[in-house]
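Trainee: Got a predicted model here, sequence first, then my questions.
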Amino acid sequence: MARTLLVTDDSMIIRELVKDVARRDGWEIVGEAADGQQAIEKYNQLRPDGVTLDLVMPNFDGLHALRGIKALDALAKVLVVSAIDQTDVLREAVKLGAADFVVKPFDDSRLQKALDLLTDATSA
């Protein structure tokens, strides 16, 4: 059975890049979101095995989404994929339960390894 993934980023181009890498890694893309509130709503609706999440988005940011998703499901597997490289924000994301962090622009193999960690966490 394919692992399911919700891809969240305000950039359609980044969503497409993430989806391409994830599909090659065996993930089924079940949804996309362009801001944090959409991510929460889609997570609640779809209950995917994993979520990729940008931190800097309009309306509601990634930390808002991470809080909301974890409130719905404390065991949710969330991978932060963001260009932001600020220690305080990253520390907060990890504290809120992010499984890993990939800096954009990302190397495909780095993203694939991080997605594999989500798989390991999902089967644990």
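Mentor: Thanks, I have the structure now.
Trainee: From now on I want contacts and neighbour counts done on CA atoms only, so please keep to that.
Mentor: OK.
Trainee: so where is the protein shaky, pLDDT-wise?
Mentor: Across the chain, the ranges flagged by pLDDT under 70 are 1, 85, 121-124.
Trainee: Let's see that with 90 instead.
Mentor: The model of the chain has pLDDT under 90 over residues 1-2, 83-91, 118-124.
Trainee: Okay, helices next: where are they in it?
Mentor: Here the chain has its helices, by DSSP state H, at 12-24, 36-46, 62-72, 87-96, 108-123.
Trainee: got the angle between the third one and helix 36-46?
Mentor: The reference is to helix 62-72. Helix 62-72 runs at 30 degrees relative to helix 36-46, counting by axes from the mean of the first three to the mean of the last three CA atoms, to 10 degrees.
Trainee: Sort out which residues of helix 62-72 are buried, please.
Mentor: Gly62, Leu63, His64, Ala65, Leu66, Arg67, Gly68, Ile69, Lys70 (16 or more other CA atoms under 10 Å).
Trainee: hmm, back to that, for Leu79, which of the helices of the chain is the nearest?
Mentor: Checking the helices of the chain against Leu79 by CA to CA gives helix 108-123 as the closest, at 7.3 Å.
Trainee: Show me which residues of the closest one are buried.
Mentor: Buried, per 16+ other CA under 10 Å, within helix 108-123: Leu111, Gln112, Ala114, Leu115, Asp116, Leu117, Leu118, Thr119.
Trainee: same check, this time on stretch 89-108
Mentor: Buried-residue list, stretch 89-108, by 16+ other CA under 10 Å: Leu90, Ala93, Val94, Gly97, Ala98, Ala99, Asp100, Phe101, Val102.
Trainee: Name all residues that make contact with the fourth one.
Mentor: Each residue near Gly97 by CA atoms under 8 Å, 6 or more residues apart in numbering is listed here: Leu66, Lys70, Val78.
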